[in-house]
Every structure is written in structure tokens, then in C-alpha cells.
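A.B. asks: Structure of the sequence below:
(one chain, ligands or ions: 1)
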Amino acid sequence: MADAASSEASLRRFLHGLPSVDQVGADARAATLATRSIKTTAKEFAIDLAISMIDLTTLEGQDTPGKVRALCSKAQRPDPTDASVPQVAAICVYPDLVPVAKEALGASGIKVASVATAFPSGRTSLAVKQADTRDAVAAGADEVDMVIDRGAFLSGRYGQVFDEIVAVKEACGRADAVEGQGAHLKVILETGELVTYDNVRRASWLAMLAGADFIKTSTGKVSPAATLPVTLVMLEAVRDFRVATGRQVGVKPAGGIRTSKDAIRYLVLVNETAGEDWLSPDWFRIGASSLLNDLLMQRQKLKTGYYAGPDYFTLD
Ligand SMILES: O=C[C@H](O)COP(=O)(O)O
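C.D. replies: As a prediction, this is how the structure comes out:
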């Protein structure tokens with residue numbers, strides 16, 4: 001395994017030596033798991049678990065400190081009338097808004113995740129990507145969501161992608177942290193641009209070999225974003241990577257996940273593919289800008305028997 005990362009040629013040999021993904025099989029398995037029904041009690045549990053796994057995201061050019069502060073209050077008390085609703089896992093913002101989120105979240109325990117490395121395209125020099133990352137971490141980001149260079153990956157320049165991830169991981173280190181305790185690094189594969197499931201599997205392994213703490217499907221800016229079959233392939237990769245190396249890596253589908261039904265399908269997929277060890281916000285996140293309200297509505301329906309309607313909750 002250590003050999004795999006030692007040179008461009010061995011990296012290529014290793015990645016192309018991974019078993020091919022059975023695309024029809026992956027699609028069929030994801031579709032079958034998506035039809036699995038769960039009991040009401042399990043649904044209540046699943047909704048709260050899904051809320052606790054959300055990276056509540058705003059990544060718009062028009063974002064303002066005020067919007068981020070509102071999102072941070074929502075992250076801490078998703079339903080102000082019901083203190084039993086769990087808080088979300090993290091707030092995900094652009095780097096310049098990290099200080100605002102950090103201050104608003106205080107000691108809540110909610111993480112601040114920052115996109116970096118010229119998100120969403122990733123098209124800039126490595127020096128600028130590292131500076132972008134260092135800035136976000138210096139401003140207090142607990143987690144960094146970087147994008148890989150899809151152009152380099154699709155051209156087969158795996159060593160370049162590997163080295164960039166290693167360099168960004170280094171930039172995640174904090175001056176005041178013990179070695180190995182910098183910001184957590186989520187590596188966005190942008191699977192909607194990777195063309196094949198084999199590429200998704202290779203990119204997952206490449207990112208993990210280079211030191212990713214999480215692998216993430218998408219920026220949310222490219223279609224298709226997260227899908228169940230692609231997430232299935234990534235969950236198989238983290239499962240197999242742990243068997244091979246003993247190191248556990250998390251998974252984050254992001255983009256286009258808007259309903260409780262979708263969120264629960266992802267949880268079933270995690271349970272059936274990687275296993276229970278991944279069913280926690282430490283190892284599975286859902287990147288979403290507008291999923292939370294639907295989860296709150298379904299939660300209230302389960303508890304009271306009626307829907308409160310979207311106007312009852314503050315905007316996502
Ligand atoms: O990382 C999260 C995505 O950017 C959010 O995408 P979404 O707006 O489709 O939920």
C-alpha cells in the first residue's frame with residue numbers, strides 16, 4: 001500500500017489494478033436499497049441522525065454575514081419551539097465568512113467547514129490553493145473542503161492530484177496544534193465530472209492514500225451532484241480502505257439532497273455498505289442547503305400527526 005503512493009507509475013498501476021465497478025450492479029443495488037421501508041420508530045431515529053449529520057451549507061456569491069449568522073442560529077436550534085431537535089454537525093461557508101460563523105457558533109460544538117482551493121473549479125496555482133487553505137484555517141475553520149483538479153485526474157496525472165492533496169493537507173495544520181491535529185480535510189471528487197464509476201473508485205482511493213479525512217461527492221455546482229450509486233461506490237472504497245490500512249475515512253454526499261426520504265435512503269446505504277461504524281457525524285455527513293426544513297417537517301408530522309407547513313420554520 002505504501003508503495004502505491006511512491007511514484008506516478010506505481011500509483012497508476014495500483015489505481016488501475018483496482019477491481020472494475022459493475023455499473024449495472026451498483027445501480028441496481030442502490031435502487032433496491034432505496035425502496036427499503038423502515039418502521040416509524042426507526043424513522044424518528046433516522047431523522048434525528050440525519051439532522052445531526054448535516055453540513056448546513058451556504059455557498060452563494062450573495063452570502064452576507066447576516067445570512068451566515070441566521071444560519072448559525074438555525075444550526076444550533078433548528079426548531080426554536082422544540083429543544084429536543086439535535087443541532088447540525090457543521091456550517092459550511094466560503095473562507096471569508098469563517099470568522100463570522102466561528103463567532104456565531106461559539107462553544108456550541110458545531111464545526112465550521114470552509115470550502116477552499118479555488119472552490120468550485122479548483123483552477124488556480126497550488127501556491128494559491130495552499131494560501132486559501134491556510135487563510136481559512138487561520139480564521140478558525142475546523143474542516144476544509146477542497147476540490148481535486150479534475151482536469152489532471154482525467155488526463156491520468158494522478159501524481160499531481162496526489163501531491164496537491166498532500167500539500168493542502170499540510171496547509172490544514174494549525175500553528176498551535178499538535179502534529180496531525182489540524183483542520184480535517186474533506187476531498188471533493190466532483191463525481192459529476194468523473195464520467196465513470198471506475199474513476200469514482202480510483203479518485204476515492206487516490207484521495208484516501210494522499211491523506212483525506214473525508215471523501216465528498218460534489219461541490220453542488222455541477223450536475224449531477226450526489227447520487228446513491230456514486231455514494232455506494234465511495235462507501236465501498238472507504239470500507240475496503242479500512243480493511244487494507246486500518247484507517248477509517250468519512251464520506252460526504254453533497255448537492256441536491258433536499259428531502260427526508262432522500263436523506264434516509266443515504267442512511268440505509270451507509271448501514272448496508274460501509275456498516276454501522278459509519279453511522280455517526282464523525283464519519284458521515286450530508287452537505288445540504290435546504291434539507292433541514294424537510295427533516296423538521298417530517299419530524300413534526302411523526303410526533304404530532306400533522307404537518308406544520310414550510311412557513312412555520314425559518315428559511316434554510
Ligand atoms: O456542499 C453542499 C452543497 O453545495 C449544497 O448543495 P445543495 O444546495 O444542492 O443542497
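
A.B. asks: and the residue of the stretch 1-150 of the chain found nearest the ligand, what are its bridge partners?
C.D. replies: Relative to the ligand, the nearest point of the stretch 1-150 of the chain is Thr57 (4.1 Å; C-beta to the nearest ligand atom). Yep, even glycine has a C-beta here, placed from its N, CA and C like the rest. Beta bridges link Thr57 to Cys92 when assigned by DSSP bridges.

A.B. asks: Run a quick neighbour tally on it.
C.D. replies: Counted with other C-beta atoms under 10 Å, residues neighbouring Thr57 total 25.

A.B. asks: my guess is Pro78 contacts Cys72, does it?
C.D. replies: No: counting by C-beta atoms under 8 Å, Cys72 is not a contact partner of Pro78; they are 11.5 Å apart.

A.B. asks: who's in contact with the residue of the stretch 1-150 of the chain closest to the ligand?
C.D. replies: By C-beta atoms under 8 Å, 6 or more residues apart in numbering, Thr57 lies in contact with 91-93, 220, 254, 287-289.

A.B. asks: check the residues you listed against the ligand, which are close?
C.D. replies: With C-beta under 6 Å from any ligand atom as the criterion, the contacts of Thr57 include 92, 220, 254, 287-289 near the ligand.

A.B. asks: tell me which parts of this protein are close to the ligand?
C.D. replies: Going by C-beta under 6 Å from any ligand atom, the residues of the chain near the ligand are 57, 59, 92, 219-220, 254-256, 287-290.

A.B. asks: where exactly do the strands run in the chain?
C.D. replies: Along the chain, the stretches classed as strands by DSSP state E are 54-57, 90-93, 111-115, 143-147, 184-188, 214-216, 250-252, 286-288.

A.B. asks: Quick one: distance of the first one to the chain centre.
C.D. replies: Spelled out, that is strand 54-57. Here the centre of strand 54-57 is set off from its chain's centre by 9 Å, with C-alpha atoms, centre = their mean, to the nearest Å.

A.B. asks: residues of stretch 104-113 that come out buried?
C.D. replies: Neighbour-count burial for stretch 104-113 flags 104-105, 110-113 (criterion: 16 or more other C-beta atoms under 10 Å).

A.B. asks: rewinding a little: do you know how far the residue of the stretch 1-150 of the chain closest to the ligand is from Ala89?
C.D. replies: Separation of Thr57 from Ala89 (C-beta to C-beta, to the nearest Å): 11 Å.

A.B. asks: Gly256 too?
C.D. replies: Remark: distance between Gly256 and Ala89 (C-beta to C-beta) = 19 Å.

A.B. asks: more crowded one of these two?
C.D. replies: Counted by other C-beta under 10 Å, Gly256 and Ala89 do not tie: Ala89 has more neighbours, with 25 against 20.

A.B. asks: Whichever of the residues of the chain next to the ligand end up buried, select them in PyMOL.
C.D. replies: Here is the PyMOL selection string for the buried members of the residues of the chain next to the ligand, based on 16+ other C-beta under 10 Å:
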select buried, resi 57+59+92+219+220+254+255+256+287+288+289
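
A.B. asks: could the strands of the chain go into TSV alongside mean pLDDT?
C.D. replies: Putting the strands of the chain into TSV (pLDDT from 0 to 100) gives the following:
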stretch	mean pLDDT
strand 54-57	98
strand 90-93	98
strand 111-115	98
strand 143-147	98
strand 184-188	97
strand 214-216	98
strand 250-252	98
strand 286-288	98
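
A.B. asks: Same list (those strands) but as JSON lines, adding distance to Leu194.
C.D. replies: Shown next, in JSON lines, are the strands of the chain (distance: least, C-beta to C-beta, whole Å):
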{"stretch": "strand 54-57", "distance to Leu194": "21"}
{"stretch": "strand 90-93", "distance to Leu194": "21"}
{"stretch": "strand 111-115", "distance to Leu194": "19"}
{"stretch": "strand 143-147", "distance to Leu194": "12"}
{"stretch": "strand 184-188", "distance to Leu194": "11"}
{"stretch": "strand 214-216", "distance to Leu194": "12"}
{"stretch": "strand 250-252", "distance to Leu194": "15"}
{"stretch": "strand 286-288", "distance to Leu194": "17"}
